[in-house]
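[1] Need a 3D model of the sequence below.
(2 chains)
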Protein chains: 2
Amino acid sequence: MTVSGNCHKVKSILTLLNLPYEWIELDTRKGETKTEDFLRINPNGKIPVLQISDETYISESNAILYYLARDTKFFSNDLLEQTRILEWMFFEQYSHEPFIAVNRWLLKFVPGTANAGQIANNHSKGTKALEVMEANLQNKDFFVGNRLTIADIALYAYSHVAEDGGFSFENFPFVRKWMHNVKNYPKMISIESKDTL
Amino acid sequence: MTVSGNCHKVKSILTLLNLPYEWIELDTRKGETKTEDFLRINPNGKIPVLQISDETYISESNAILYYLARDTKFFSNDLLEQTRILEWMFFEQYSHEPFIAVNRWLLKFVPGTANAGQIANNHSKGTKALEVMEANLQNKDFFVGNRLTIADIALYAYSHVAEDGGFSFENFPFVRKWMHNVKNYPKMISIESKDTL
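    Sure, this is the predicted structure:
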């Protein structure tokens, strides 16, 4: 889905790398990722999925980023830098996305379906993720190696639309500066507010 | 913590690779990962953390697995195999650990602290993760490349103690067979039931 941060990651790297692609839009709310046909492609029933040949599909947005970027300037040849990039990508999936993306989903796309306790818990944990990012971004333009990598692409996806989920960047000046850097990177794309379901 | 699956991953790869290490035990329940000293090491306040030099620490269990295993037989030189390994490791952190590990934690280590709805929701999502694993393991000994990789190590960590969280493998014969394969891999270690907090 165009509005999904996880899908946005894939569109971002395809655009940055000038790779041609066909985009097939599915709506999770209509059950389009739970059909028999789709579950044959990804038994986990989630998007994005990247098809790379007739029978070969890659799921997990951050694994797709790795596959497309490994041999480009958006990854690294250095073991420690590679590890730092993956460290942030695992952080994104475990400590950031489940709270920041989920509150955006609950508040913007399916309002009224969640209880206040769940929203508050996600808000607290998502704000903690922003604190960890802020602590790491002191005087840095990007997360790893002072250049844009797939760690930034992964973290930008849901960060730059976090206000949709009720998050504020008021206390996070370094995160704001980093988002500005990513947003203004040549050819980088953002989720537009006109992108609605 | 010895009982933590995320820490178990690190101990597993260190053991499999015959690497010398010093193990420092911390108890999250006593706040030992939230002290000022620890937060300087990992601002996210989580274990495991791998110290590789005086000032260099790696967090995120699956990033640690990558760092230690990239140039060994437990990873791969092939881009698609590397991607499959990471795909399962991101699956583990997003779709497996938050439900299977968390219900084990709630039921075994901090009983009485969670409500029935939360336990039931985790049980349903964790069982879904086991279904995805079962679908992928049909007639396979390991997840990627027909040999033990860090994908197996990551997924084994909380799978092999999932019964502590109320999960059953009765309907998952291929997952059972895979766990048997991992358990019996030379030098592979398991979390022992005597390993308590």
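[2] alpha carbons only for contacts and neighbour counts from here, please
    Fine.
[3] Now look at the helix-or-strand element of chain A with minimal mean pLDDT and say if it contacts chain B.
    The weakest-scoring helix or strand in chain A, judged by mean pLDDT, DSSP states H and E, is helix A:36-41 (a mean of 93). No. Contact of helix A:36-41 with chain B is not found when judged by C-alpha under 8 Å from any C-alpha of the partner chain; the minimum separation is 9.9 Å.
[4] tell me which residues in that helix are buried?
    For helix A:36-41, a neighbour-count test (16 or more other C-alpha atoms under 10 Å in any protein chain shown) marks A:38, A:41 as buried.
[5] same question, stretch A:78-90
    Across stretch A:78-90, burial judged by 16+ other C-alpha under 10 Å covers A:82-90.
[6] Tell me, how many residues neighbour residue A:70?
    17 (other C-alpha atoms under 10 Å in any protein chain shown).
[7] doesn't residue A:76 make contact with it?
    Yes. The criterion here is C-alpha atoms under 8 Å, and residue A:70 meets it with residue A:76 at 7.3 Å.
[8] re earlier: just the ones of the buried residues of stretch A:78-90 in helices?
    A:82-90 (DSSP state H).
[9] which among the residues you listed are in contact with chain B?
    A:83-84, A:86-87, A:90.
[10] Roughly how far does the residue nearest the centre of chain A sit from residue B:44?
    Centroid-nearest residue in chain A, with C-alpha atoms, centre = their mean: residue A:157, separated by 3.5 Å. For residue A:157, the distance to residue B:44 equals 20 Å [C-alpha to C-alpha, to the nearest Å].
[11] just the CA coordinates of the lengthiest helix in chain A, formatted as PDB?
    Taking DSSP H as the criterion, chain A has its longest helix at helix A:116-137. Only the C-alpha atoms of helix A:116-137 are listed here, as PDB (Å, rounded to 0.1, in the frame of the first residue of the first chain):
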ATOM      1  CA  ALA A 116      -7.100   4.400  25.100                       C
ATOM      2  CA  GLY A 117      -4.800   2.100  27.100                       C
ATOM      3  CA  GLN A 118      -3.300   0.600  23.900                       C
ATOM      4  CA  ILE A 119      -2.800   4.000  22.300                       C
ATOM      5  CA  ALA A 120      -1.100   5.300  25.400                       C
ATOM      6  CA  ASN A 121       1.200   2.300  25.800                       C
ATOM      7  CA  ASN A 122       2.200   2.600  22.100                       C
ATOM      8  CA  HIS A 123       2.700   6.300  22.600                       C
ATOM      9  CA  SER A 124       5.000   5.800  25.500                       C
ATOM     10  CA  LYS A 125       7.100   3.100  23.800                       C
ATOM     11  CA  GLY A 126       7.200   5.000  20.500                       C
ATOM     12  CA  THR A 127       8.400   8.100  22.200                       C
ATOM     13  CA  LYS A 128      11.100   6.000  23.900                       C
ATOM     14  CA  ALA A 129      12.200   4.900  20.400                       C
ATOM     15  CA  LEU A 130      12.500   8.600  19.300                       C
ATOM     16  CA  GLU A 131      14.600   9.200  22.500                       C
ATOM     17  CA  VAL A 132      17.000   6.400  21.500                       C
ATOM     18  CA  MET A 133      17.300   7.900  18.000                       C
ATOM     19  CA  GLU A 134      17.800  11.400  19.400                       C
ATOM     20  CA  ALA A 135      20.600  10.100  21.600                       C
ATOM     21  CA  ASN A 136      22.300   8.500  18.600                       C
ATOM     22  CA  LEU A 137      21.900  11.400  16.200                       C
END
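[12] Report all helices and strands that it contacts.
    Secondary-structure packing of helix A:116-137 (3 or more C-alpha pairs under 8 Å, 6 or more residues apart in numbering or on different chains; DSSP states H and E): helix A:102-104, helix A:173-183.
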